[in-house]
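1. turn this into a structure:
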Amino acid sequence: MAETPAKKPSSFGKIDFSLTRQILTLTIPVALTRQLDNIVGMADIFMVGKLGPEAISAVGISRTIVMVISVTMIAITTGAFAMIAQAIGAKDEEGASAAAKQSISLLAVFSIIPSIIGVMGAPHFLRALSLAPEVVALATPYLRVFFGGSIFMMMNFAVTTCLHAAGNAKTPFYISIFNNGIKFILSILLIFGFWGFPQMGVVGAAIAGVIGRGLGVLIGFGVLYSGKFGIKLLPTTSYKPDFAQAKRILTIGIPAALQGMLRNGSSVALVKLIAMTSASTTALAAYSIGSQMERLVRQISLAFSTASTTLVGQSIGAKNLDEADRRGWTTLALAVITVTILGIPLAVFAKPIIAFFTDAPDVIQIGSIYLFMIVISEPFMCAALTSGGSLRAAGDNMPALYYTLIAQWAIRLPVAAFLAFWMGYDIYGIWYSLIIFCAIQGFLTVRKFGQGHWKTRKL
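-> Just a heads-up that it's a prediction; the model follows:
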């Protein structure tokens, strides 16, 4: 009698919660590092909030624009991340060092382009979003200072990527404590002009950020050259451009960069729609505060995504595809569970959270509904990001790019405009569209990871 072929385990059958400690050991420091950046950003919003709703809008909208222009960083570091993780999994120290140095060189060269675009184009970007003239006047110098010092953001991200790919999440956290601490102190001094410092208002927050990141870069390079933190920049490898290596990095990274551009570009387009609603300045202030809270939750999703790229990438490098599969599915399950649980307090205390930043009743009302929508939609986006991180570990970035284009441009923006202006829901229609596109993007990305085609890819 013929034997019945063994059934393939279902996706749920690949979840192994014995990996929880391993996953969280990576995820928690990454999440804390990201949250530090976000908390300091919220502190900026809180401090400039004393200067009025226009100042809140200026900082909040500027931070959204920044993420679009800096996609060069994503292109290079995403490719380097996968290559370094796989090299370390294969015990190839020279390969890891070569990929790290190439990513640093590429970032240094390509940071020039977004810097020039950002400095020269700042007022044009802001006016194109139909922002009030007073918001444009405050946001323009903020953006110019930020982009003038964007090389430090790029180098900080390079250091963090190298360490995360090596499975070291604690050291970037400690570096982040230092540079964000410097930024926070300087923000207080420069925004309000305490202790003899010039009172610079909104632009003071941008200057503080550049100085903090610059000091963080110095520490980060000292860490990489020491060789005591999971990866070492070896003298046998070079910063000189290696076109073959650069091509491999960019082949993996460019789709991720385009995905980041589409994702953040849709957020900028959304700002345009928000500015067209009946209470433009109020709605933009609510969005600026709410988007900071959204980033708090989103950074947790991104931390799990980073962990999945590290763990899956190292398993692929070690030629253990079953382990890669288990790590990918388990990280996905833990991520969705965690984000769902952590979102509950955000919904329960929505109004007090918004009221912490402003006492304007209309801003509190509009912003609290936005927070409800974030809580409902984030588990879906978390699933998309975590599964995308696992695909990225294998160098399979195109599906996530396609799904971002579909969900955020073909669905999110048209649905937001339809609900807001044709159906008459105004700003609330824009908030409702968040749930629809997140659910679609999550479903498509998880399904793609489950199909398993990524297991046959070669870097």
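2. by mean pLDDT, flag the weakest helix or strand of this protein.
-> Least confident helix or strand, the chain: helix 53-69 with a mean of 63, by mean pLDDT, DSSP states H and E.
3. nearest residue to T338 in space, please, no chain neighbours.
-> Nearest residue to T338, sequence neighbours excluded (C-beta to C-beta, 6 or more residues apart in numbering): I300, at 6.5 Å. Any C-beta I mention is one placed from the backbone N, CA and C, and that applies to glycine too.
4. avg pLDDT for the host helix or strand of the one you found?
-> Following DSSP states H and E, one finds I300 within helix 280-317. Confidence for helix 280-317, expressed as mean pLDDT, is 84.
5. how about the helices in the stretch 51-200 of the chain?
-> Using DSSP state H, counting those that start in this stretch, the helices assigned to the stretch 51-200 of the chain run over residues 53-69, 71-89, 93-110, 112-128, 133-148, 150-165, 170-192.
6. could you check the angle the longest one makes with helix 150-165?
-> Pointing back at helix 170-192 there. For helix 170-192 against helix 150-165, the angle by axes from the mean of the first three to the mean of the last three C-alpha atoms, to 10 degrees is 150 degrees.
7. buried residues, helix 170-192. List them.
-> Across helix 170-192, burial judged by 16 or more other C-beta atoms under 10 Å covers 170-173, 175-176, 179-180, 182-184, 186-192.
8. just the fifth one next, same as before
-> Judged by neighbour count (16+ other C-beta under 10 Å), helix 133-148 contains these buried residues: 135-136, 138-147.
9. how many neighbours does S226 have?
-> S226: 10 surrounding residues under other C-beta atoms under 10 Å.
10. pLDDT below threshold where in the stretch 251-400 of the chain?
-> The model of the stretch 251-400 of the chain has no residue with pLDDT under 70.
11. residues in contact with stretch 215-225?
-> With C-beta atoms under 8 Å, 6 or more residues apart in numbering as the test, stretch 215-225 has contacts from 100, 152, 155-156, 159-160, 162-163, 171-172, 175-176, 178-179, 182, 229, 231-233.
12. 7 Å instead?
-> Outside of stretch 215-225, the residues within contact range by C-beta atoms under 7 Å, 6 or more residues apart in numbering are 152, 155-156, 159, 162, 171, 175, 178-179, 182, 229, 231, 233.
13. could you list the buried residues of that stretch?
-> Neighbour-count burial for stretch 215-225 flags 215-217, 220, 223-224 (criterion: 16+ other C-beta under 10 Å).
14. how about stretch 96-109?
-> 96-107.
15. now do that stretch: distance to the chain's middle.
-> Distance of stretch 96-109 from the chain centroid (C-alpha atoms, centre = their mean, to the nearest Å) equals 20 Å.
16. cool, and stretch 125-141?
-> With C-alpha atoms, centre = their mean, you get 24 Å for stretch 125-141.
17. now do stretch 381-389
-> Distance, centroid of stretch 381-389 to centroid of chain: 12 Å (C-alpha atoms, centre = their mean).
18. export that stretch as CSV, just CAs?
-> Output in CSV follows, covering the C-alpha atoms of stretch 381-389 (Å, rounded to 0.1, in the frame of the first residue of the first chain):
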residue,chain,number,x,y,z
MET,A,381,0.4,47.3,8.9
CYS,A,382,2.5,45.5,11.4
ALA,A,383,1.9,42.2,9.6
ALA,A,384,2.9,43.8,6.3
LEU,A,385,6.1,45.3,7.7
THR,A,386,7.2,42.2,9.6
SER,A,387,6.6,39.9,6.6
GLY,A,388,8.3,42.4,4.4
GLY,A,389,11.3,42.3,6.7
